[in-house]
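K.L.:
turn this into a model:
(chains A, B, C and D)
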Protein chains: 4
Amino acid sequence: MSRKAKPIRSELGWSTADKIVVLGKDLPGEILGKVNLGDMAFLELTRKLPSKNESVLFNAMVVTLVEHGITPSALVARLTYLGAPEALQAAVAAGLCGLGSVFVGSTEHVAKLLTESISSGKDAKKVVTENKRIPGLGHPIHKPIDPRTVRLFEIARETGFYGKYCKLMEEIGKEKNLVVNATGAIGALACELGLDWRAVRGLGVMARAVGLVGHILEESKQPMAEEVWHRIEEEASAHLKPKK
Amino acid sequence: MSRKAKPIRSELGWSTADKIVVLGKDLPGEILGKVNLGDMAFLELTRKLPSKNESVLFNAMVVTLVEHGITPSALVARLTYLGAPEALQAAVAAGLCGLGSVFVGSTEHVAKLLTESISSGKDAKKVVTENKRIPGLGHPIHKPIDPRTVRLFEIARETGFYGKYCKLMEEIGKEKNLVVNATGAIGALACELGLDWRAVRGLGVMARAVGLVGHILEESKQPMAEEVWHRIEEEASAHLKPKK
Amino acid sequence: MSRKAKPIRSELGWSTADKIVVLGKDLPGEILGKVNLGDMAFLELTRKLPSKNESVLFNAMVVTLVEHGITPSALVARLTYLGAPEALQAAVAAGLCGLGSVFVGSTEHVAKLLTESISSGKDAKKVVTENKRIPGLGHPIHKPIDPRTVRLFEIARETGFYGKYCKLMEEIGKEKNLVVNATGAIGALACELGLDWRAVRGLGVMARAVGLVGHILEESKQPMAEEVWHRIEEEASAHLKPKK
Amino acid sequence: MSRKAKPIRSELGWSTADKIVVLGKDLPGEILGKVNLGDMAFLELTRKLPSKNESVLFNAMVVTLVEHGITPSALVARLTYLGAPEALQAAVAAGLCGLGSVFVGSTEHVAKLLTESISSGKDAKKVVTENKRIPGLGHPIHKPIDPRTVRLFEIARETGFYGKYCKLMEEIGKEKNLVVNATGAIGALACELGLDWRAVRGLGVMARAVGLVGHILEESKQPMAEEVWHRIEEEASAHLKPKK
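P.N.:
Below is the predicted model of the structure:
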């Protein structure tokens, strides 16, 4: 066999009989009781614990993405739970599968666009000219402003993280005469925090996993999935069925 | 059509042009900047924000479940990302699909067993007699103690939540002469916090979603999936291939 | 390191530069152009190609499970595609996640129950006495008979596979005064064909994967997911929103 | 509410107490016992049953994609099954999640490229000039020819479906001096059969669902997932652990 084996390595964690180390930190001694779930996510993405200000901003960003009410992804989790209540994990998984280019994925596109635009010195006008569609702008309901963006940029100012990426995003919004929506704000803030744009879609994915567990718990007590199914099935096939 | 339509209702969130309300709270005004991701999860599961002590304990519980190094679920996320790097959400989803009866699901079984045992007044001896297999006990590596359990029960004592469920779990462990592992401790603590046992598997699912994003980010920079695939493929089929 | 490495082996396939062998057969030479998709599935599950009669019966069984109109699983695939149209595979995957204990999983339970009952010599009366809930019986729409069962058992007779498992299933149905539904029939027929009951849920999973691709294709041309989402979202949160 | 409800319609199936109609055909009377699984898939994708020749070719195409031995997607299904053996459907789902741009997705890209090239009258030279990366070409193992492509194009000739799309694909391969691999051949053949390119990724998804059930069945009897996990975990973290 001519293929040469490559090394297999991960830096994320290891354990022995009496020790558990995660991202270089002793889990029981340095993390448990001291670090909240958002900070732990920050540690996963940056390999360091956040400062006080980073913690406040990062937690606000992910918390924004947890619960958006009855979204397609929440409906998916509920309809999946209807068929496989013994596999809650698969219902959450199914719900996550749709967080693609149309919904949560836009945060990643914002972060990528802003990262590239700033690093090549482009201003809002140039970005707008070069990109027919710009992610993170406009909202079907929240107009003329998205109240989450207002609050997130306020927190960014309070914590000292309102910088060039946020400014560029807001200027792009003005140029296009469109509201910077929450995914636009979060994409810009991810850049301010120095997050890798490849991890930015992950913010929405982890946050939504939290929210989907809430939906499944509600579904287990106050179900809607079966009713949704029957209503849609009846309407969708009514034109095919023989008239009585 | 004789089927009577049933109402469809969710209490989790709603929004209008200038207002976003999640679980009864104004998202920009009452949540963002004040609530960390773990507290938001607590809010999803209990419909109230945690007290300071509840926050410390609950965050410790979920943080424990975020990162366990190279688990089957981490391998699944990485191998999925290898084939579909454009769909990070699907790689996390695939990784979650295996959090079933063998791994993370045991937390739920612990919570259910303790809830039922306490409510019917059973002691450790009776629980052990009646149940051939008891979840949350034993660990292949962490013996004779699981350092996470020690720390979690310490935090429970510090925050005033070490109570009858924790005690019963520890007595069951002694009765069986097996260590109470982290899922055993977390199952007991979920009961102490009054969480519905049906939501307890969700703790591991949401926590692992956070960790899997970390694995995918590492895979994007320091990959192992392709090497894993080639090595296993070669070994698995070596006995079938013609000898040269 | 004290752990002893165990061998890793699979018998399913191998290839070299000019040869591709699947389940012991030369793929280009012995399979392509000769074997249909159902026969290939039979080969995967039994490691032999079906006889003419086995082929007819097995294909009828899986074909029965392909398309059931607007099911929860079809809705899940469509709602997932709405958010991630670039990841068709994830939409099918999400749709499969709900094929659990409530819907498709029952086929497996039937096969297991019949296998165990026949091997321990139990008759219908005894099976009914011992099992409070019997899978594969009853149908909300197809009463007093399920036309698929009638046809499947007819094909079983024509192909020489109507035997003791089918008979027992029909006797159990009579004993309970309930129709043997399609999953009941398919569970029994899987036993007649000698399939491992652990693979029986897989029949529905593979068949539904075929059907879900059809749903996604229809969704791409004649969408319903967005309308479903908006309608349900509006109704679910109407009681929370301020009256105008 | 100003939103106007849109109609919700599907043409795929309907049923009443004694009738089940799928894609316009009576399921028990016109399909069961007459139609194989591949033909049923053809019906889902084109809304008509295949002719004898279409059936032979289409079944050969999907059968080609069923079993590729230990692929990343097979490993994913096996590792998922290790954690959740009670949820076979979720293991198949997880395995499908990785059928994205790198592996199975290329069939879709081939079909799209050929469709657009033929409809705008481009020849191989022009296609090669305009596209830096062309899908469906090259193979790490099967060189200088892919034996599946040879056989599939042979079947296409036998059934009268070797036409302009196949020819263009082969000319592109010659132009680039690369083998037309199986996904290239199947993409071209999908065009010859008149399939919508948006459904072409679905061919691989449905076929692989069949193969993954086979992998899970093998895993249940001759497991490798646990060994894979332990080996990789040990190697990946060895550099972090304290030397003994």
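
K.L.:
now for residue A:90: which residues touch it?
P.N.:
Applying C-beta atoms under 8 Å, 6 or more residues apart in numbering or on different chains to residue A:90 gives the contacts A:80, A:84, B:96, B:97, C:97, C:98, C:100, D:84, D:87, D:89, D:90, D:93. All C-beta spots, glycine's among them, are computed from the backbone N, C-alpha and C.

K.L.:
what's the first helix or strand after the helix or strand hosting it?
P.N.:
If you go by DSSP states H and E, residue A:90 is part of helix A:88-96. Counting by DSSP H and E, the element after helix A:88-96 in chain order, helix or strand, is helix A:105-119.

K.L.:
residues in chain A within reach of chain D, list them.
P.N.:
Proximity of chain A to chain D, by C-beta under 8 Å from any C-beta of the partner chain, involves residues A:7-11, A:13-14, A:16, A:21, A:84, A:86-87, A:89-90, A:93-94, A:97, A:232, A:235-237, A:239-242.

K.L.:
give me the buried subset of these.
P.N.:
Buried by 16 or more other C-beta atoms under 10 Å in any protein chain shown: A:8-10, A:13-14, A:21, A:84, A:86-87, A:89-90, A:93-94, A:97, A:232, A:235-237, A:240, out of the residues of chain A next to chain D.

K.L.:
so how far is residue C:11 from the residue nearest the centre of chain A?
P.N.:
Geometric centre of chain A, nearest residue: residue A:204, 1.0 Å, by C-alpha atoms, centre = their mean. Distance of residue A:204 to residue C:11, computed by C-beta to C-beta, to the nearest Å: 42 Å.

K.L.:
any low-confidence regions in chain A?
P.N.:
Applying pLDDT under 70 to chain A flags residues A:1-2, A:244.

K.L.:
touching chain C at all, the longest helix along chain A?
P.N.:
Ranked by residue count under DSSP state H, the longest helix found in chain A is helix A:200-221. No - Helix A:200-221 stays clear of chain C (C-beta under 8 Å from any C-beta), getting no nearer than 10.1 Å.

K.L.:
CA atoms of the helix or strand that that helix is followed by as PDB?
P.N.:
Counting by DSSP H and E, the element after helix A:200-221 in chain order, helix or strand, is helix A:225-237. Extracted C-alpha coordinates of helix A:225-237, given in PDB (Å, rounded to 0.1, in the frame of the first residue of the first chain):
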ATOM      1  CA  ALA A 225     -47.900  18.500  15.000                       C
ATOM      2  CA  GLU A 226     -50.700  16.000  14.500                       C
ATOM      3  CA  GLU A 227     -53.200  18.800  13.800                       C
ATOM      4  CA  VAL A 228     -50.800  20.500  11.400                       C
ATOM      5  CA  TRP A 229     -50.300  17.200   9.500                       C
ATOM      6  CA  HIS A 230     -54.000  16.400   9.200                       C
ATOM      7  CA  ARG A 231     -55.000  19.900   8.100                       C
ATOM      8  CA  ILE A 232     -52.300  20.200   5.500                       C
ATOM      9  CA  GLU A 233     -52.900  16.600   4.200                       C
ATOM     10  CA  GLU A 234     -56.600  17.200   3.800                       C
ATOM     11  CA  GLU A 235     -56.200  20.500   2.000                       C
ATOM     12  CA  ALA A 236     -53.300  19.300  -0.200                       C
ATOM     13  CA  SER A 237     -55.200  16.300  -1.600                       C
END
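
K.L.:
residues in contact with helix A:225-237?
P.N.:
Helix A:225-237 is contacted from outside by A:75, A:78-79, A:81-82, A:219, B:1, B:3, B:5-8, C:69-72, C:75, C:224, C:228, C:232, D:7-10, D:13-14, using C-beta under 8 Å, 6+ apart.

K.L.:
now swap in stretch A:154-166 and tell me
P.N.:
Outside stretch A:154-166, the residues within contact range by C-beta under 8 Å, 6+ apart are A:53-54, A:56-57, A:60, A:114-115, A:118, A:153, A:185, A:188-189, A:191-193, B:32-33.

K.L.:
not counting its neighbours along the chain, what's nearest residue A:173?
P.N.:
Spatially, and ignoring its direct neighbours in sequence, residue A:173 is nearest to residue A:180 (4.2 Å; C-beta to C-beta, 6 or more residues apart in numbering or on different chains).

K.L.:
how about residue A:28?
P.N.:
Computed as C-beta to C-beta, 6+ apart, the closest residue to residue A:28 that is not its neighbour in sequence is residue B:151, at 3.7 Å.

K.L.:
right, and that neighbour touches residue A:31 too?
P.N.:
No - between residue B:151 and residue A:31 there is no contact under C-beta atoms under 8 Å: 9.2 Å.

K.L.:
get me the contact residues on chain A for chain C.
P.N.:
A:69-73, A:75-76, A:79-87, A:90-91, A:93-95, A:97-105, A:224-225, A:228-229, A:232-233, A:236-237.

K.L.:
hmm, residue A:107 and the residue nearest to the centre of chain A touching each other?
P.N.:
Yes - the criterion here is C-beta under 8 Å, and residue A:204 meets it with residue A:107 at 5.7 Å.

K.L.:
which residues do those two both contact?
P.N.:
The contact lists of residue A:204 and residue A:107 share A:183, A:186, where a contact means C-beta under 8 Å, 6+ apart.

K.L.:
list the contacts for the residue nearest to residue A:28?
P.N.:
Contacts of residue B:151 by C-beta under 8 Å, 6+ apart are A:28, A:29, A:32, A:33, B:60.

K.L.:
ok, of those, which come out buried?
P.N.:
Buried members of the contacts of residue B:151, scored by 16+ other C-beta under 10 Å, are A:28, A:32, A:33, B:60.

K.L.:
let's have these in TSV, adding secondary structure.
P.N.:
Below are these laid out as TSV (DSSP: H, G, I helix; E, B strand; the rest coil):
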residue	secondary structure
A:28	helix
A:32	coil
A:33	coil
B:60	helix
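
K.L.:
burial of the nearest residue to the residue nearest to the centre of chain A once chain neighbours are set aside, as a residue count?
P.N.:
Nearest in space to residue A:204, with sequence neighbours left out and distances taken as C-beta to C-beta, 6+ apart, is residue A:104 at 3.4 Å. The number of residues packed near residue A:104 is 29, by other C-beta atoms under 10 Å in any protein chain shown.

K.L.:
which residues touch residue A:104?
P.N.:
A:65, A:183, A:201, A:204, A:205, A:208, B:89, C:83.

K.L.:
so residue A:14, which of the three states?
P.N.:
Using three-state DSSP, the secondary structure recorded for residue A:14 is strand.

K.L.:
what distance do you get for it to residue D:50?
P.N.:
Residue A:14 sits 55 Å away from residue D:50 when distances are taken as C-beta to C-beta.

K.L.:
check residue A:56 too.
P.N.:
Distance from residue A:56 to residue D:50, counting by C-beta to C-beta: 61 Å.

K.L.:
how far is stretch A:101-113 from where the chain is centred?
P.N.:
The chain centroid and the centroid of stretch A:101-113 are separated by 9 Å, computed with C-alpha atoms, centre = their mean, to the nearest Å.

K.L.:
so what's the nearest residue to residue A:213 once chain neighbours are set aside up against?
P.N.:
Counting by C-beta to C-beta, 6+ apart, residue A:213 lies nearest to residue B:202, which is 3.4 Å off, once chain neighbours are set aside. With contact taken as C-beta under 8 Å, 6+ apart, residue B:202 is in contact with A:88, A:92, A:213, A:216, A:217, B:45.
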